[in-house]
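J.: Predicted model and sequence follow; I will ask about them next.
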Amino acid sequence: MVAAAVLERPKVEMPQDHQKEIASRIEDWQQRISDLYAHIAECAEKHSELWLSENMTAKLFEKPMHDAGLEPVMLPVLNVGRGKGLIVSFQPIGLWVLGANGRMDILTHNGAYELIDEAEVGQPPNWQVFAPGSWEAKPFDHEVVERLLS
C-alpha cells in the first residue's frame, strides 16, 4: 500500500498593506452579502407565508486569503421557504472571480442561477443574474426576486 503525500502550498510573506487590502475586500464582501439579504428580506415581507433563515454557512477561503495569512471566514447562506419546504437558497461561492467582484449561487427547484456582482472593486454592487442554462445577464431587481420567491 502506497501512502499519498499531502501537498501544502507554502505560505507567502505578504506586505502588511496587502494583508489589509485583502481583509478590506473580505469585509466589503460580507457587507454586500448582508445588504443583498436585507433586500431579499424586504421583498419577502409582503409574503407572510414565507420564512427566511441564515442558520447555515459557507466557508470563504480563497488563495489570496491563504497567501495573506488570513483565516477562513464563514459567510451566511440565506434560505427562503414556505411551510416545511425550501423555495430558494442563496449561497456565497467566491469573492475572487474572473470578470466579477464576487459570485453567489441561487439554488431553486427549477435549477441553479448565478448571481454576479459586476461592479468594480470599491463601487456599489451591480448584481446581475444568469438563469439556468443562459449566458444572458439580467439585473437582479425586485421583479427577479419576486419570481424566485413565488
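T.: Here it is on my side, so go on. Numbers count the residues shown, from 1 in each chain.

J.: what sits opposite the most centrally placed residue in the chain in the beta ladder?
T.: Centroid-nearest residue in the chain: residue 92, 2.3 Å away (criterion: Cα atoms, centre = their mean). On the basis of DSSP bridges, residue 92 is bridged to residue 104.

J.: same question, residue 59
T.: Beta bridges link residue 59 to residue 74, judged by DSSP bridges.

J.: buried set for stretch 43-61?
T.: Within stretch 43-61, the residues scored as buried using 16 or more other Cβ atoms under 10 Å are 43, 44, 50, 58, 60. Every C-beta, even on glycine, is put in place using the N, C-alpha and C of the backbone.

J.: Oh, that last question was meant for stretch 30-41, not what I typed.
T.: For stretch 30-41, a neighbour-count test (16+ other Cβ under 10 Å) marks 30, 32, 33, 36, 37, 39, 40 as buried.

J.: Can you tell me what sits against it?
T.: The contact list for stretch 30-41 (Cβ atoms under 8 Å, 6 or more residues apart in numbering) reads 52, 54, 73, 75-76, 78, 80, 90, 92, 102, 104, 117, 125, 127, 145.

J.: Phi and psi next, for the nearest residue to residue 144 once chain neighbours are set aside.
T.: Closest residue to residue 144 apart from its sequence neighbours, by Cβ to Cβ, 6 or more residues apart in numbering: residue 129 at 5.7 Å. With angles defined as degrees, to the nearest 10, residue 129 sits at phi -110, psi 140.
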